[in-house]
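Engineer: how does the following fold in three dimensions:
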Amino acid sequence: MEAIADPPSYHRARAAVHFDEISRALVHSLKYGDRLDLTPMMGRWLCQAGSELLGEVDALIPVPLHWRRLWARRFNQSAMLAATVSSQTGVPVVSGALKRIKPTSQQVGLSRTERAANVQVAFQVPADRKPAVSGRRLVLVDDVLTSGATVDGCVRALMRAGAANVDVLVLARVAEPA
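Structural biologist: Predicted structure coming up:
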């Protein structure tokens, strides 16, 4: 019912797996345990789940980290996943087309409303990167889709920059509460 009252800004979304104990352990191993060796397997899952989206797309856009978080973590898990999907499909990754210009708190433990407020105006397409986005069909790549606040903020920034269409491809999707 909520999707009808407040539809998402993206066109379609696909997830490889449901977010459960096993997928949580895998995602956390990648993000916090430096298990980059998991990305080929995860990339295959993303390619299977997103085959319909990937057949109609011009480029992949990873959800960006703020530079401080990137510095602390040393890599962007969404960029790693996008690069793996790109290597398996030939769809190019457009790095730097989307920037996280506002440092945000981690979303874990925040309510839907708090998540939306946390990422409000956090994303922007730099002026010099607008030609890489304008008129293009894009797939935004992330690790987990929970409330949709992060991807919504990203998609809105890409659409403001002139993207023709933005779909979302994530490794795991948190089930909506009943």
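
Engineer: got any ranges where the protein has weak pLDDT?
Structural biologist: 1-6, 103-121, 176-178 (pLDDT under 70).

Engineer: strands of that one, residue ranges please.
Structural biologist: For the chain, the strands defined by DSSP state E occupy 13-18, 59-62, 99-100, 123-124, 137-145, 165-173.

Engineer: what is the fourth one packed up against?
Structural biologist: With contacts defined as 3 or more C-beta pairs under 8 Å, 6 or more residues apart in numbering; DSSP states H and E, the packing partners of strand 123-124 are strand 99-100, helix 149-160. For every residue, glycine as well, the C-beta is placed using N, CA and C.

Engineer: now the residue nearest the centre of the chain, nearest residue through space, not along the chain?
Structural biologist: Nearest to the mean C-alpha position of the chain, counting by C-alpha atoms, centre = their mean, stands residue 142 at 2.7 Å. With sequence-adjacent residues excluded and distances taken as C-beta to C-beta, 6 or more residues apart in numbering, residue 142 is closest to residue 63, at 4.3 Å.

Engineer: which residues sit in contact with the one you found?
Structural biologist: 76, 78, 98, 140, 141, 142, 150, 151, 154 (C-beta atoms under 8 Å, 6 or more residues apart in numbering).

Engineer: same question for residue 77.
Structural biologist: 27, 30, 31, 143.

Engineer: so who does the residue lying closest to residue 58 once chain neighbours are set aside touch?
Structural biologist: Spatial nearest neighbour of residue 58, chain neighbours left out: residue 136 (4.2 Å); criterion: C-beta to C-beta, 6+ apart. By C-beta under 8 Å, 6+ apart, residue 136 lies in contact with 58, 59, 163, 164.

Engineer: now render these as TSV, adding distance to residue 12.
Structural biologist: Converted to TSV, the contacts of residue 136 look like this (distance: C-beta to C-beta, whole Å):
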residue	distance to residue 12
58	15
59	16
163	14
164	14
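
Engineer: so which two of the residues you listed are the farthest from each other?
Structural biologist: 59 and 164 (11.1 Å; C-beta to C-beta).

Engineer: which of the two has more neighbours?
Structural biologist: Comparing residue 59 with residue 164 by other C-beta atoms under 10 Å, the one with more neighbours is residue 59, at 19 against 14.

Engineer: so how many other residues sit close to the closest residue to the more buried one other than its chain neighbours?
Structural biologist: Leaving out its chain neighbours, the residue that sits closest to residue 59 by C-beta to C-beta, 6+ apart is residue 94, at 4.5 Å. Residue 94 has 18 neighbours, counted by other C-beta under 10 Å.
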